[in-house]
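>>> just need the structure, nothing else, for what follows:
(one chain, ligands or ions: 1)
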Amino acid sequence: MMTKTEAEQRLAALRAELAYHARRYYILDDPTISDGEYDALFRELLDIEARFPDLISEDSPSQRVGGAPLARFTPINHRSPMLSLENAFSQGEMVDFEIRLQRFLHLDTPLIYAAEPKLDGLAVELIYENGLLKVGATRGDGRTGEDITANIKTITAIPLRLTGRVPDILEVRGEVFMTTKGFKTLNDERLRGGEPPFANPRNAAAGSLRQLDSKICASRPLDFFCYALGDPAASPCRTHLESLEWLQELGFKRNPHVGLCRGIDEVSAHFNYLQEQRPRLPYEIDGMVVKVNDFDLQNRLGSKARSPRWAVAWKFAAIQATTRLVDIDFGVGRTGAVTPVAVLEPVDVGGAVVRRATLHNEDEIKRKDLRLGDIVLVQRAGDVIPEIVKPIVERRQGTERLIEMPDNCPRCAEPLQRPQGEVVSRCPNPLCPAQLIRALIHYTSKAGLDIPGLGRRAMEQLYNAGLVNSIPDIYKLTAEELAPLEGWGEKSAANVVQAILASKKVPLSRFLAALGIRYVGEVNAQLLARNFSDLNALRQASREDLLAVDGIGAQAADSLRAYFANQAVNAMLGQLSALGLKLTNEESASDLPLADKSFVFTGSLTMSRSEAKARIKELGGKVVSTVSKKSIVVCGAKAGSKEKKARDLGLKILSEDEFTALLKGNLQLLDDN
Ligand code: IVH
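I've put the predicted structure just below:
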């Protein structure tokens, strides 16, 4: 048992170590330990904190996972106002900007500017007291923002404690944003869970910071760049660029594309550089912020009512063009959502030919009042999908036609459904060909049955090869069919067939989650499995029966009823049972053949250690590293001291061949001879 003093010491060491590695990983992008090692340290910390809750400190990395939900955000007055920026749209306006500055300062030489990307996220203010993050706030109206500290603390790129010498109070400003990749992943997840996707990374970041439940914010891929000090005079820096470097030393992330420019010609060159970089950047930017670099000059220039005189935002022009809307294609996404896509007369928009534009959903067609044959304004910003801004109503001829929404699924002809309050129509047929591949991928994925070897890529391959067109097809796969496929071989084919076989016995909750029924994720699946004795009971459950389960809402109940009412679904469930699928209620490891058995490996095996480990785990056993009285020792080639120890102790010893046979189900090998 650890004493409190020991716990305190160990926690301090762990926090320092975790902070160091978090900085290497999140800020410097240059980790020196593996994710697994980091997780192990983190778990140790959580474990000690759980035993000594009064030792949890504000800057403990455990505080990043989010705390209890808030009832509301409290207002926070900014110490100095968070100003906005004036916009410029051309080099001419930038020249005017410099002339204004020179007149104001009575200068006739070019000024020195820092020019940096204008990040498309949300401005936040962070307040550190004695190096410790105390408050994170939104900009609000510039004077009063909202206290979002709990959410801010979940963002790994924001340090909880600063390194080095810092003023007693430090106000740091910067942008919270979501990378384009994080945004795509989040939206994919939301679509899979039946939630509406975010329109763009900015909205996704804003929506995440607005969560009263910081655990939700913690699950969102948010990032941060610092770009200003609240009060430069409180810092040892004389210029903006120096302040960015200083902030970086304190532990912040800053944007790497900041240019130091003398005069507007150099500013302009940096603008071109950023415009060129833009499609390659992993986050969205909508222009460039140009700041007078020298803090003394900034002070002399001061601010107008809402924006400083010493800075300006040079915005990228959205590239636009006009063309004719020829047709609307209705596509069906992998979630069954029907999405309209505009078919356009091909047009050059800033160097790229645009033929199609997204319309997001039907309401957007109505809101924009689009008609077939309209001349429309199209816009392309960065590498995002082109969109229709508006129809040019003045150019209508009277021959334009209203756009009709389909009543039936364009892929499988099933009547579409549009639940009240939702913006998308959906094909309710879970076996619609458009949704099939997604359903198949989900079924074998980690969130589903978790069949090793049948990840996304493999499922796409099997689907494209025509080997798997339905869930039951998975159980009909043979090693002979799989082995010749590209990237496979006899061994991997045999392993997968074995894994499929092993997955036939599956807890009801897991199976339900694997089916990908809308509104039935892992949590609801478990609720259902606990409340219904078996699948048949669930299939026959009335809406009321379902609603009687604590935690199951109307959406899930309706979705389940619709799912089990589907003919094709019932046919599929019948097939699965005929193929030998056995649903167990209650996931119990003690039913598995290797339950309570622990294995030790020594020497080198043909099979990788991680595979051997995974296979043992599947069968309910575990793998340990030291030989004890109860171990079963598997000896590969050149087995070492462990083999000797095992012989001395008279333990069960298996050769690799015997071990493989054991995995195939030959359990007699474990019997005492
Ligand atoms: S400096 C007084 N730098 O632009 C100047 N702002 O209109 C304070 N923004 O809401 C802002 N990138 O969220 C600055 N590199 C950058 C920026 C940036 C984006 C946003 C900021 C603010 C808005 C100002």
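>>> helices of the stretch 151-300 of the chain, residue ranges please.
180-192, 201-209, 214-218, 240-250, 263-277, 295-301 (DSSP state H, counting those that start in this stretch).
>>> so for residue 401, which of those helices sits nearest?
Counting by C-beta to C-beta, residue 401 lies closest to helix 180-192 out of the helices of the stretch 151-300 of the chain; the figure is 31.0 Å. No exception for glycine: its C-beta is placed from N, CA and C like everyone else's.
>>> tilt between that closest one and helix 201-209?
Relative orientation of helix 180-192 versus helix 201-209 (axes from the mean of the first three to the mean of the last three C-alpha atoms, to 10 degrees): 70 degrees.
>>> for helix 180-192, packing partners?
Judged by 3 or more C-beta pairs under 8 Å, 6 or more residues apart in numbering; DSSP states H and E, the packing partners of helix 180-192 are helix 201-209.
>>> I'd like the helices of the stretch 151-300 of the chain as TSV, with mean pLDDT, distance to the ligand and mean neighbour count appended.
What follows is these, written out as TSV (pLDDT from 0 to 100; distance: least, C-beta to the nearest ligand atom, whole Å; neighbours: other C-beta atoms under 10 Å):
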stretch	mean pLDDT	distance to the ligand	mean neighbour count
helix 180-192	90	16	17
helix 201-209	92	10	21
helix 214-218	93	18	20
helix 240-250	97	9	19
helix 263-277	96	11	16
helix 295-301	95	9	16
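>>> checking the closest residue to the ligand within the stretch 51-200 of the chain next. Helix, strand or coil?
Residue nearest to the ligand within the stretch 51-200 of the chain: residue 123 (3.1 Å; C-beta to the nearest ligand atom). Following DSSP: H, G, I helix; E, B strand; the rest coil, the label given to residue 123 is strand.
>>> same deal with the one 4 residues further on?
State at residue 127, reduced to three classes by three-state DSSP: strand.
>>> OK, contacts around it?
Going by C-beta atoms under 8 Å, 6 or more residues apart in numbering, residue 127 touches 79, 133, 134, 135, 136, 137, 169, 170, 171, 172, 230.
>>> if we can go back for a sec, grab the nearest non-local neighbour of the residue of the stretch 51-200 of the chain closest to the ligand.
residue 139 (4.4 Å; C-beta to C-beta, 6 or more residues apart in numbering).
>>> surely that neighbour and residue 124 touch.
Yes. Assessed by C-beta atoms under 8 Å, residue 139 is found in contact with residue 124 at 7.2 Å.
>>> got the residues of this structure near the ligand?
Contact residues (C-beta under 6 Å from any ligand atom) of the chain with the ligand: 83-85, 116, 118-119, 123, 139, 175, 227-228, 289, 308, 311, 313.
>>> just the buried ones from those residues, in ChimeraX syntax?
Command for ChimeraX that selects the buried part of these, burial taken from 16 or more other C-beta atoms under 10 Å:
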select :83,85,116,118,119,123,139,175,227,228,289,308,311,313
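>>> quick check: the gap between residue 123 and residue 570.
54 Å (C-beta to C-beta, to the nearest Å).
>>> could you do residue 251 as well?
Distance from residue 251 to residue 570, by C-beta to C-beta: 58 Å.
>>> my guess is residue 212 contacts residue 69. True?
Yes. Shown here, residue 212 and residue 69 form a contact pair, counting by C-beta under 8 Å, at 5.1 Å.
>>> higher neighbour count, these two?
residue 212 (15 against 12; other C-beta atoms under 10 Å).
>>> the closest residue to that one other than its chain neighbours: what's it in contact with?
Leaving aside its sequence neighbours, residue 212 sits nearest to residue 70 (C-beta to C-beta, 6+ apart; 4.6 Å). Residue 70 is in contact with 150, 212, 213, 214, counting by C-beta under 8 Å, 6+ apart.
>>> again, but for residue 273
Contacts of residue 273 by C-beta under 8 Å, 6+ apart are 257, 259.
>>> ok, back up a step: surely the residue of the stretch 51-200 of the chain closest to the ligand meets residue 82?
Yes. The pair residue 123 and residue 82 passes the contact test of C-beta under 8 Å, sitting 6.2 Å apart.
>>> shared neighbours, these two?
Going by C-beta under 8 Å, 6+ apart, residues that sit against residue 123 and also against residue 82 are 139, 173.
>>> may I have the longest helix along the chain as CSV, with CA atoms only?
Determined from DSSP state H, the single longest helix within the chain is helix 4-22. Provided in CSV are the C-alpha atoms of helix 4-22 (Å, rounded to 0.1, in the frame of the first residue of the first chain):
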residue,chain,number,x,y,z
LYS,A,4,0.1,9.6,1.0
THR,A,5,3.5,11.1,0.8
GLU,A,6,4.7,8.4,-1.6
ALA,A,7,1.6,9.1,-3.7
GLU,A,8,2.3,12.8,-3.7
GLN,A,9,5.8,12.3,-4.8
ARG,A,10,4.9,9.8,-7.5
LEU,A,11,2.1,12.0,-8.8
ALA,A,12,4.5,15.0,-9.1
ALA,A,13,6.9,12.9,-11.0
LEU,A,14,4.2,11.4,-13.3
ARG,A,15,2.7,14.8,-14.0
ALA,A,16,6.1,16.3,-15.0
GLU,A,17,6.8,13.3,-17.2
LEU,A,18,3.4,13.3,-18.8
ALA,A,19,3.6,17.1,-19.4
TYR,A,20,7.0,16.6,-21.0
HIS,A,21,5.7,13.9,-23.4
ALA,A,22,2.5,15.6,-24.1
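>>> for whichever helix or strand comes after that helix, buried residues please.
Next along the chain after helix 4-22, taking DSSP states H and E as the criterion, comes helix 35-51. Of all the residues in helix 35-51, those buried under the rule 16+ other C-beta under 10 Å are 38, 41, 42, 45, 46, 48, 49.
>>> rewinding a little: quick check: phi and psi on the residue nearest to residue 212?
With angles defined as degrees, to the nearest 10, residue 70 sits at phi -90, psi 160.
>>> and residue 600, by the same measure?
The phi/psi pair for residue 600 (degrees, to the nearest 10) is phi -120, psi 130.
>>> residues contacting the residue in the stretch 451-600 of the chain that the ligand sits nearest to?
Closest residue of the stretch 451-600 of the chain to the ligand, C-beta to the nearest ligand atom: residue 521 (34.5 Å). Contacts for residue 521 (C-beta under 8 Å, 6+ apart) come out as 193, 447, 513.
>>> the helices in the stretch 451-600 of the chain, which residues?
456-464, 471-474, 479-482, 490-502, 508-515, 522-531, 535-540, 543-547, 554-565, 567-578.
>>> in terms of mean pLDDT, which of these ranks lowest?
Note on the helices of the stretch 451-600 of the chain: helix 522-531 shows the lowest mean pLDDT, a mean of 86.
>>> which of the contacts of residue 521 has the most neighbours?
residue 513 (24 neighbours).
>>> hang on, it packs against residue 525?
Yes. Look at residue 513 against residue 525 with C-beta under 8 Å: they come within range, at 3.9 Å.
>>> contacts for the lowest-mean-pLDDT helix or strand in the chain, please.
Within the chain, no helix or strand scores below helix 609-618, which has a mean of 79 by mean pLDDT, DSSP states H and E. Residues from elsewhere that reach helix 609-618, judged by C-beta under 8 Å, 6+ apart: 452, 495, 499, 502, 592, 594, 599, 601, 605, 607, 622-623, 634, 659, 663.
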